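**Student:** here's a sequence, model it:
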Amino acid sequence: MRVHQTESLTLAGSVAAIGAFDGVHRGHQTVIREMVRKSRSEGVPSVVYTFNPPPRAYFQGAQTLTNPDEKVQLLKDLGVDYVVMAKFDEAYLQRTPNNFIKELSMINPKSVIVGDDFRFGNKRAGDVALLRRHFPVRLMNPVCCAEGERISSTRIRELILQGKQEQALPLLGWT
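**Tutor:** Sure thing, here's the model as predicted:
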C-alpha cells in the first residue's frame with residue numbers, strides 16, 4: 001500500500017472511499033471492505049481519501065482515536081491499495097468544491113463511496129448532489145451495533161471519556 005499527499009496520485013481508474021475514518025471502527029471497516037470488494041470486481045485499485053487531523057479534531061479539538069500511522073496500518077490490513085492523506089489545515093479549508101472534484105478526477109473513480117452527510121470544499125459548499133454530477137456515487141448506510149445504535153467515532157470517544165472502554169472496544173473491532 002502507498003500513502004500519498006493531496007494532488008500527488010494519478011490513476012487510470014479506481015474505486016474511492018472518502019471520509020475522516022478516525023478510529024477505522026466497525027462502521028468504517030464495513031465501508032472500506034465494500035470499497036475493496038468493488039475495486040477488485042472492477043479490476044482497479046482501491047483508494048481511501050482521508051484527513052490528518054480529522055475535521056472534528058481540527059474544528060472541535062476532539063480526541064483522535066488513531067494517529068496517522070495507526071490509521072494507515074489498519075487500512076492496509078483491510079486490503080486498501082492507496083491512501084491519500086490530506087493535510088487538514090487552513091490552506092486546505094480554502095479549497096473550493098471544484099478544486100476537490102478536480103483532484104478526485106486525477107484518480108478516475110468508477111465509484112465514490114461516502115456517507116450521506118458528506119460535505120466538501122470551502123464552507124462545506126460541496127455536497128453529494130454536486131459529487132454525483134461528476135462521478136458515480138454510492139451512499140453507505142450507517143452501521144449499527146447489536147443494540148441498534150449507530151457506530152460512530154463520536155460515540156466511541158464519548159464512551160472512552162466516560163470510562164466505558166469495555167463498551168467502546170467492540171465498536172472499534174480491531175483491538
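**Student:** name the nearest residue to residue 85, sequence neighbours excluded.
**Tutor:** residue 52 (5.3 Å; C-beta to C-beta, 6 or more residues apart in numbering). Quick note: C-beta positions are derived from backbone N, CA and C, even for glycine.
**Student:** quickly list what that neighbour is bridged to.
**Tutor:** residue 87 (DSSP bridges).
**Student:** that one contacts residue 88, doesn't it?
**Tutor:** Yes: counting by C-beta atoms under 8 Å, residue 88 is a contact partner of residue 52 at 6.2 Å.
**Student:** still on that earlier bit, quick one, what contacts the residue nearest to residue 85?
**Tutor:** 68, 85, 86, 87, 88 (C-beta atoms under 8 Å, 6 or more residues apart in numbering).
**Student:** of those, keep whichever come out buried.
**Tutor:** By neighbour count, with 16 or more other C-beta atoms under 10 Å, the contacts of residue 52 hold 85, 86, 88 as buried.
**Student:** so the last one makes contact with residue 56?
**Tutor:** The one in question is residue 88. No: assessed by C-beta under 8 Å, residue 88 is found out of contact with residue 56, at 10.1 Å.
**Student:** give the burial count for the closest residue in space to residue 89 that isn't next to it in sequence, as a bare number.
**Tutor:** Nearest non-adjacent residue to residue 89, counting by C-beta to C-beta, 6+ apart: residue 58, 7.6 Å away. Residues near residue 58, counting by other C-beta atoms under 10 Å, number 17.
**Student:** and the helix or strand where residue 58 lies, what does it pack onto?
**Tutor:** Secondary structure from DSSP states H and E places residue 58 in helix 55-60. Helices and strands touching helix 55-60, by 3 or more C-beta pairs under 8 Å, 6 or more residues apart in numbering; DSSP states H and E: there are none.
**Student:** from residue 163, how far out is the spatially most central residue of the chain?
**Tutor:** Closest to where the C-alpha atoms of the chain average out (C-alpha atoms, centre = their mean) is residue 19, at 2.4 Å. Separation of residue 19 from residue 163 (C-beta to C-beta, to the nearest Å): 28 Å.
**Student:** ranges for the strands of this protein?
**Tutor:** Along the chain, the stretches classed as strands by DSSP state E are 2-4, 14-18, 46-52, 82-87, 109-115, 137-140.
**Student:** make CSV out of those and add mean pLDDT and distance to residue 146.
**Tutor:** Conversion of the strands of the chain to CSV gives the following (pLDDT from 0 to 100; distance: least, C-beta to C-beta, whole Å):
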stretch, mean pLDDT, distance to residue 146
strand 2-4, 87, 34
strand 14-18, 97, 24
strand 46-52, 95, 26
strand 82-87, 95, 30
strand 109-115, 94, 21
strand 137-140, 92, 19
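**Student:** how about residues contacting the longest helix that the chain contains?
**Tutor:** Ranked by residue count under DSSP state H, the longest helix found in the chain is helix 26-42. With contacts defined as C-beta under 8 Å, 6+ apart, helix 26-42 is touched by 13-17, 19, 21, 24, 45-46, 48, 75, 78-81, 110-111, 113, 115, 140, 142-143, 145, 150-152, 170-174.
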